[in-house]
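> structure of the sequence below:
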Amino acid sequence: MLAPRSPMVTVPPMNEDNQPDEVMWQGRFITARKKGKWEYVSRARGIRAAVILAIDEDDHVILVEQFRVPLNKTCIELPAGLIGDSDDNTDEEASVAGARELEEETGYHAGRMETIGEFWSSPGMVSESFTMLKAHDLTKVSEGGGTPGENITVHRVPLGELEAALAGWRKQGYAIDVKLLMLLGPGILARP
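Below is the predicted model:
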């Protein structure tokens, strides 16, 4: 049995903690910042993201395929979207945003949303966090596809075939979102 750990202490990096946080550029959704020698990107206006893990009653995971401009390629991802991204809903709850985005992107309505926790995407470069939500009691209510211009394709993949499906998409040149690793974790850990 492991001994209980002491509470986590945040230690600022050497020489960076006393430096001013400078805004180098700011748009509507992102801000480029510099603190000392460290350059990073944050979401503007405190915007966060909701990422939805949706597995139906037949153990199929619901994924989305969408072209991503920063990658200049199509990416396979979990459904996701911004929380409080418009001026009239800045105090939006993560579960409300997640339910909205799931239905908008995939056409699935969740009877209940469970908050798994908050996670950080790429902490060495981006200060963005996302709230991971698990969708329960799924009902297909539309075709999905996102808002006009998003051109989202919905995929319903058996969990047991996910690794092969991702390998196939990767061979076709698709990007694979890092958050899908959580669904591959046990298989990756079991490899010799």
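
> report pLDDT for residue 75.
You'll see residue 75 listed with a pLDDT of 98.

> who does the helix or strand hosting it pair up with?
Using DSSP states H and E, residue 75 falls within strand 73-77. Strand 73-77 has the following sheet partners, assigned by DSSP bridges: strand 60-68 (antiparallel), strand 175-176 (parallel).

> model confidence over the shortest one, on average?
pLDDT averaged over strand 175-176 equals 97, rounded to a whole number.

> any regions of this structure where pLDDT drops low?
Applying pLDDT under 70 to the chain flags the ranges 1-17, 85-90, 186-192.

> isn't residue 109 up against residue 100?
No - when contacts are counted by C-beta atoms under 8 Å, residue 109 is not listed as touching residue 100 (10.3 Å). The way it works is simple: take the backbone N, C-alpha and C, and place the C-beta from them, glycine included.

> packing partners of the lengthiest helix in the chain?
For the chain, the helix that runs over the most residues, judged by DSSP state H, is helix 94-106. If you count contacts as 3 or more C-beta pairs under 8 Å, 6 or more residues apart in numbering; DSSP states H and E, helix 94-106 packs onto strand 48-54, strand 60-68, strand 80-83, strand 108-120, strand 129-140.

> how about the residue most central in space within the chain, nearest residue that isn't a chain neighbour?
Residue closest to the average C-alpha location in the chain (C-alpha atoms, centre = their mean): residue 51, at 4.2 Å. Closest residue to residue 51 apart from its sequence neighbours, by C-beta to C-beta, 6 or more residues apart in numbering: residue 80 at 4.4 Å.

> test my guess that that neighbour contacts residue 101.
Yes - counting by C-beta under 8 Å, residue 101 is a contact partner of residue 80 at 6.4 Å.

> now the common contact residues for the two.
Taking C-beta atoms under 8 Å, 6 or more residues apart in numbering as the contact rule, residue 80 and residue 101 both touch 50, 52.

> partner strands of the helix or strand in which residue 23 is found, with direction?
Of the helices and strands defined by DSSP H and E, residue 23 is found in strand 21-26. Sheet pairing for strand 21-26, assigned by DSSP bridges, gives strand 30-35 (antiparallel).

> put the alpha carbons of the partner strand into PDB.
Taking C-alpha atoms only, strand 30-35 is exported to PDB below (Å, rounded to 0.1, in the frame of the first residue of the first chain):
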ATOM      1  CA  ILE A  30      -6.600  33.400 -28.200                       C
ATOM      2  CA  THR A  31      -3.800  35.500 -26.600                       C
ATOM      3  CA  ALA A  32      -0.100  35.100 -27.300                       C
ATOM      4  CA  ARG A  33       1.800  35.900 -24.100                       C
ATOM      5  CA  LYS A  34       5.400  36.200 -22.900                       C
ATOM      6  CA  LYS A  35       6.700  35.900 -19.300                       C
END
